[in-house]
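Enquirer: Let's see this in three dimensions:
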Amino acid sequence: MRYTFKFLTLGFMLFTLISCDEWERTPNFDVEEVEGYRPIYATESEQDVKTLPAREIENPGKIYVINEFLLVVDQLKGIHVFNNDDPKNPQNVGFIQITGSNDVAVRDNILYADQATDLLAIDVSNPENVKIASRVKNVFPFGTQYPQQQGVYFECPDPDKGLVIGWEYTTLNSPKCYR
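Expert: Below you'll find the model as predicted:
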């Protein structure tokens with residue numbers, strides 16, 4: 001009798017959990033207009049890794065120290081270079097453009113960065129004049145090809161339009177993608 005009661009209770013609980021709406025997350029693609037994300041594509045010149053004049057930090061991330069320089073990550077844009085000879089007054093001396101980069105690491109004057117789907121090794125021994133040491137293509141198969149948010153509609157990326165470097169939240173007409 002005890003086992004029958006436990007078995008029925010367990011069965012009822014399992015049935016209750018399975019029948020929850022949480023399991024049904026199929027989006028409705030019949031919508032004509034909905035809020036969602038549209039990809040932002042890089043121009044060809046934005047895809048090049050290069051040293052540019054100093055600029056304002058927009059979306060700061062991690063900070064690294066290399067010799068007398070501070071490197072401040074600017075999400076999806078690149079890295080700001082500060083001369084830190086005088087720690088009380090660091091000077092913004094340049095910007096390393098790495099469009100589409102989300103994360104970096106530094107070791108022995110080599111900066112490792114993702115650029116959408118690629119892994120870059122960049123010689124930063126002179127942060128005011130960087131050089132790409134190597135590039136490994138398609139290490140990160142999805143890179144920035146999907147918005148970071150989940151449970152949202154988005155405009156499907158078009159590879160013919162170039163590298164996706166970010167996403168803007170906007171009104172979409174008949175989106176075909178959902179995540």
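
Enquirer: Skipping adjacent residues, who's closest to the residue nearest the centre of the chain in space?
Expert: Nearest residue to the geometric centre of the chain (CA atoms, centre = their mean): residue 102, 4.4 Å. In space, residue 102 comes closest to residue 114 once its chain neighbours are excluded; the distance is 5.8 Å by CB to CB, 6 or more residues apart in numbering. Backbone N, C-alpha and C define where each C-beta goes, glycine included.

Enquirer: Just give the number of residues close to that neighbour.
Expert: Residue 114 is flanked by 19 other residues according to other CB atoms under 10 Å.

Enquirer: helix/strand/coil for it?
Expert: Residue 114 falls in the strand class when you classify it by DSSP: H, G, I helix; E, B strand; the rest coil.

Enquirer: what sits opposite it in the beta ladder?
Expert: Beta-bridge partners for residue 114, by DSSP bridges, are residue 119.

Enquirer: my guess is it contacts residue 121, does it?
Expert: No. Using CB atoms under 8 Å, residue 114 is not in contact with residue 121, being 11.4 Å away.

Enquirer: hey, what's residue 135 bridged with?
Expert: Beta-bridge pairing for residue 135 (DSSP bridges): residue 120.

Enquirer: pretty sure it contacts residue 122?
Expert: No. Residue 135 lies out of contact with residue 122 (CB under 8 Å); the separation is 9.3 Å.

Enquirer: out of those two, which sits in the busier spot?
Expert: residue 122 (23 against 13).

Enquirer: That one sits in which helix or strand?
Expert: According to DSSP states H and E, residue 122 maps onto strand 118-123.

Enquirer: same question for that strand, mean pLDDT?
Expert: Averaged across strand 118-123, pLDDT comes to 93.

Enquirer: got it, and stretch 28-44?
Expert: Here stretch 28-44 scores 85 as its mean pLDDT.

Enquirer: Straight-line length of it, end to end?
Expert: 35 Å (CA to CA, to the nearest Å).

Enquirer: if we can go back for a sec, what separation is there between the residue nearest to the centre of the chain and residue 127?
Expert: Going from residue 102 to residue 127 by CB to CB, to the nearest Å gives 20 Å.
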